[in-house]
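>>> missing the sequence, but the structure's below:
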């Protein structure tokens, strides 16, 4: 799929109002929340170049249009803001806590980093990932989506800039290939949730040759 065609698909879904929103209200007033994660450094997997840049670019965008943003990435100074699984659990609990009794109008979840498929299931890889034991890995369908669903947002957009290959956690870098987008239908059982993958099942997500951003993230920002 060419980058232009992929962008067209994204525009159709973003008409729902998430990336295209123009609100400049304060985050506390809008009921709009974004959880954003970027990982470059891994204990056992190859390092990436663009994961943190991707996350910070998306975080800046959503903060600028009035979302309350929780950002976990490698550049954060404090350990609690590093992109580990335990910190993500804390963030998800925090989102639920601060929004108790308030309507979440829009929720965004964004991840840029390594990803992998194991026996057809999609997993996101955090810095502590051990592929052989699935330590430090998050199952998209059985853990992430239920976490997000539990927040009860009126509209949820999930963006996963990660590979879905069966060979291990590899986010291919420096390849000038067109963008692939798959899984852009609502999550199972959720008419108000759409999940966007940067790669088709069994394939890779690609970083730009200069390492500045992933193709997927670059397109998201470009069409906003």
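The structure has been received and is ready for your questions. These figures come from a predicted structure and were not determined experimentally.

>>> Enumerate every residue touching residue 118.
Taking Cβ atoms under 8 Å, 6 or more residues apart in numbering, we find residue 118 in contact with 134, 166. For the C-beta atoms, the positions are set from N, CA and C on the backbone; glycine is no exception.

>>> if you set the cut-off to 10 Å instead, what comes out?
The contact partners of residue 118, by Cβ atoms under 10 Å, 6 or more residues apart in numbering, come to 131, 134, 137, 139, 166, 168.

>>> same check, this time on residue 151
Residue 151 neighbours (Cβ under 10 Å, 6+ apart): 33, 35, 92, 95-96, 99, 104, 107, 109.

>>> Closest to residue 196 out of the residues you listed?
Among the contacts of residue 151, residue 109 lies closest to residue 196 (Cβ to Cβ), at 10.3 Å.

>>> I'd assumed residue 55 was in contact with the closest one.
No. At 11.5 Å, residue 109 and residue 55 do not qualify as touching, with contact defined as Cβ atoms under 10 Å.

>>> which residues are in contact with both of the two?
Counting by Cβ under 10 Å, 6+ apart, the residues touching both residue 109 and residue 55 are 36-37.

>>> what residue is smack in the middle of this protein?
Nearest to the geometric centre of the chain sits residue 110, at 2.1 Å (Cα atoms, centre = their mean).

>>> Can you add distance to residue 65, pLDDT and secondary structure and give the contacts of residue 151 back as JSON lines?
JSON lines is the format used below for the contacts of residue 151 (distance: Cβ to Cβ, whole Å; pLDDT from 0 to 100; DSSP: H, G, I helix; E, B strand; the rest coil):
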{"residue": "33", "distance to residue 65": "12", "pLDDT": "95", "secondary structure": "strand"}
{"residue": "35", "distance to residue 65": "16", "pLDDT": "97", "secondary structure": "strand"}
{"residue": "92", "distance to residue 65": "22", "pLDDT": "91", "secondary structure": "helix"}
{"residue": "95", "distance to residue 65": "18", "pLDDT": "90", "secondary structure": "helix"}
{"residue": "96", "distance to residue 65": "22", "pLDDT": "85", "secondary structure": "helix"}
{"residue": "99", "distance to residue 65": "18", "pLDDT": "80", "secondary structure": "coil"}
{"residue": "104", "distance to residue 65": "16", "pLDDT": "91", "secondary structure": "coil"}
{"residue": "107", "distance to residue 65": "14", "pLDDT": "95", "secondary structure": "strand"}
{"residue": "109", "distance to residue 65": "16", "pLDDT": "97", "secondary structure": "strand"}
